[in-house]
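**Student:** sequence first, predicted coordinates after that:
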Amino acid sequence: MISARELVPGIVAGHKRAIARGLTWIERDHDRGRALVHLLFPRAGGAHIVGVTGAPGVGKSTLVNRLTLTLRSQGRRVGILAVDPSSPFSGGAILGDRIRMQESVMDDGVFMRSLATRGHLGGLSRATFGAVTLLAAAGFDVILIETVGAGQSEVEVMQLAHTTLVVLAPGLGDEIQAIKAGILEIGDAFVVNKADREGADQTARAIRGMLSLSRRDVAWVPPVVKTVAEQGEGIEELVDAVNRHRQYLDESGQWAERRGALALHLIELAMGDWTHRAIAQAQRNVDWSAVMEDVLSGGADVEELARQLLLQALKGRNHEP
Ligand SMILES: Nc1nc2c(ncn2[C@@H]2O[C@H](COP(=O)(O)OP(=O)(O)OP(=O)(O)O)[C@@H](O)[C@H]2O)c(=O)[nH]1
Ligand SMILES: [Mg+2]
């Protein structure tokens, strides 16, 4: 059985088998997955993480495919993560995505992977964080994360991105949906896809209007780009918007700030792990039902109890994966 440390060179060299193996560890949240993320994090600072979110069927996968082709033509290596918070397994929709992605997947400078949740809260954003870290360390210049918009886990996933693209389609009161989902606040650029359909200009105007009313960051006004992903129209303009946003983040110091925030996030996750270990250990070693009884009857000083359990875990285990 190989260790996390032993897998690092293959990942850093960009070997697809090593990458796939590491991603499986991360997705299943093995100790080795965690260790791998800790080892790779210092090498993961270069990638531009781009989230692509929007309602089902607006054309996110088609867009990701097109973006990938254009980025490849600019010589950049592209990692793609399709995140599906709703399905515990890689279901039919994502399988469909895989087939559509094939055009770009054939290329050596592209790696695509679907991530599904294992049920527990925060698990998906954690797995996504790990997967992004791994792909960045493997030398992918741009990492595209596709996720269906709106829910809490999607917002968490999108917080990992430097640049969030919110995709809409004309009609169907998308403008209203955007406000409802709070998606107006998270978009760094808005894409009106299916611009071959009626109402695209109207939708673009509506978004611009709403943006002018609710500015969070006056230095960056999110562009609104019309695309026909199916035909590849508007993609260059969108890639240009993505590149300009990166430049803006760099120049405003936000790119560097983001690294710091992610480092803190990494520490928080590791601290959370110690808490879980403390509880697991206490359940094995302590008369747990007596402890529960004390807490229920008010006989325990919960603050002190928690401190003791953590101390025992810290003493009892030298965590060297
Ligand atoms: N008319 C038109 N259809 C498009 C365009 N882009 C994508 N589609 C079609 O819209 C449908 C949905 O596209 P997808 O790319 O799978 O959309 P998605 O947002 O990834 O869908 P989910 O992952 O299921 O949420 C497909 O049939 C596409 O061929 C476009 O620009 N114009
Ligand atoms: Mg899709």
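**Tutor:** In hand now; what should we look at? Ligands and ions are numbered 1, 2, ... in the order given.
**Student:** and the closest residue to ligand 2 within the stretch 51-200 of the chain, how many residues sit next to it?
**Tutor:** Ranked by CB to the ion, the top residue of the stretch 51-200 of the chain for proximity to ligand 2 is residue 61, at 3.3 Å. Quick note: C-beta positions are derived from backbone N, CA and C, even for glycine. Residue 61 has 22 neighbours, counted by other CB atoms under 10 Å.
**Student:** now swap in residue 258 and tell me
**Tutor:** Residue 258: 16 neighbours (other CB under 10 Å).
**Student:** how near is it to residue 57?
**Tutor:** 31 Å (CB to CB, to the nearest Å).
**Student:** kindly report the same for residue 272.
**Tutor:** On the measure of CB to CB, residue 272 and residue 57 end up 36 Å apart.
**Student:** and what of residue 161?
**Tutor:** 21 Å.
**Student:** more crowded one of the two?
**Tutor:** A direct count of neighbours by other CB under 10 Å for residue 161 and residue 57 places residue 161 higher, at 23 against 11.
**Student:** so who does the closest residue to that one other than its chain neighbours touch?
**Tutor:** In this structure, residue 161 finds its nearest non-sequential neighbour in residue 51, 3.5 Å apart by CB to CB, 6 or more residues apart in numbering. Taking CB atoms under 8 Å, 6 or more residues apart in numbering as the contact definition, residue 51 lies against 145, 147, 157-158, 160-161, 163-165.
**Student:** so residue 51 belongs to a strand, correct?
**Tutor:** Yes. Counting by DSSP: H, G, I helix; E, B strand; the rest coil, residue 51 is part of a strand.
**Student:** sorry, back to before: surely the residue of the stretch 51-200 of the chain closest to ligand 2 is within a helix?
**Tutor:** Yes. Residue 61: assigned to a helix according to three-state DSSP.
**Student:** isn't it right up against residue 146?
**Tutor:** Yes. Residue 61 is within contact range of residue 146, at 6.2 Å (criterion: CB atoms under 8 Å).
**Student:** which of the residues in the longest helix along the chain are buried?
**Tutor:** Using DSSP state H, we find that the single longest helix of the chain is helix 254-285. Going by neighbour count (16 or more other CB atoms under 10 Å), the buried part of helix 254-285 is 254-255, 258, 262, 266, 269, 277-278, 281-282.
**Student:** and it, what does it pack onto?
**Tutor:** Counting contacts by 3 or more CB pairs under 8 Å, 6 or more residues apart in numbering; DSSP states H and E, helix 254-285 packs against helix 31-40, helix 123-137, helix 235-251, helix 302-316.
**Student:** okay if I get these as JSON lines plus mean pLDDT, distance to ligand 2 and mean neighbour count?
**Tutor:** Converted to JSON lines, those look like this (pLDDT from 0 to 100; distance: least, CB to the ion, whole Å; neighbours: other CB atoms under 10 Å):
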{"stretch": "helix 31-40", "mean pLDDT": "94", "distance to ligand 2": "25", "mean neighbour count": "21"}
{"stretch": "helix 123-137", "mean pLDDT": "91", "distance to ligand 2": "16", "mean neighbour count": "24"}
{"stretch": "helix 235-251", "mean pLDDT": "97", "distance to ligand 2": "16", "mean neighbour count": "17"}
{"stretch": "helix 302-316", "mean pLDDT": "87", "distance to ligand 2": "42", "mean neighbour count": "13"}
